[in-house]
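Participant: No sequence on hand, only this structure:
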């Protein structure tokens, strides 16, 4: 995908840099501050899942690419070289229940599906490629 | 992420500023659990300065709440802003916890 990319080793030590990069690109595209936070949130949730699951047995890089697609939307592509990991296959968590029986597993992926307009996963060779498409709303300038 | 603690009546107020993400959540959780270890049982988390929370932060909050419940204590929340309030609503945390508009209104009720 054309656009602007950042490639760094997978790991929490690089999370802030990844998020700053995405946020800066999304700000240029014109999202408001609430939408920017939602984009940061979903990017963090995707990255942390990649760090924990795709790279649970080995280390490797993550390549983040951002591109504004005219009026259609803002596209974020997250690419890793880890084990196959399709976030679209993770079941929706139970969000009812009281403090005692409430669990938080799967919540990050739930946020992604709630807040990102299109979430596309594909496996290409030895890569997981996760694409977020975030529509431009009338209120975004 | 920064936390300032102060006591008001029986409530231990923790004012959290900045971001609770996968990097800072362990520190947030550790500091809150220390306060519980010291014997605090009514904790009010003032989130007026918190601009961002991810599922890692929610996981810490749940750990704190479970620990307090086991000790017959309770955690309350006040002054959620923007994206933090939205995350609380989407995750259902708004329903399982007592959330107040402001620190003042929380202190009147708890």
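Facilitator: Happy to help now that I have it. In this text the structure is predicted, and so the values were computed from the model without any measurement.
Participant: In this model residue B:55 seems to touch residue A:108, though I could be wrong.
Facilitator: Yes: with contact defined as C-beta atoms under 8 Å, residue A:108 reaches residue B:55; the gap is 4.0 Å. C-beta here means a position set from N, CA and C on the backbone, and glycine is covered the same way.
Participant: Buried residues, stretch B:10-18. List them.
Facilitator: Counting neighbours by 16 or more other C-beta atoms under 10 Å in any protein chain shown, one finds that the buried residues in stretch B:10-18 are B:11, B:12, B:13, B:14, B:15, B:16.
Participant: ok, which of the residues you listed also contact chain A?
Facilitator: Counting by C-beta under 8 Å from any C-beta of the partner chain, nothing from these sits close to chain A.
Participant: Can you redo those residues as TSV, where the extra columns are distance to residue B:47?
Facilitator: Formatted as TSV, the buried residues of stretch B:10-18 follow (distance: C-beta to C-beta, whole Å):
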residue	distance to residue B:47
B:11	15
B:12	15
B:13	11
B:14	9
B:15	8
B:16	6
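Participant: Pick the one among those residues closest to chain A.
Facilitator: Here the nearest of these to chain A, counting by C-beta to the nearest C-beta, is residue B:16; it sits at 15.7 Å.
Participant: Now do the contacts for the closest one.
Facilitator: Residues in contact with residue B:16, defined by C-beta atoms under 8 Å, 6 or more residues apart in numbering or on different chains, are B:1, B:2, B:3, B:28, B:45, B:46, B:47, B:49, B:50.
Participant: what's the second one sitting at in phi/psi?
Facilitator: This means residue B:2. As for residue B:2, its main-chain torsions (degrees, to the nearest 10) stand at phi -130, psi 140.
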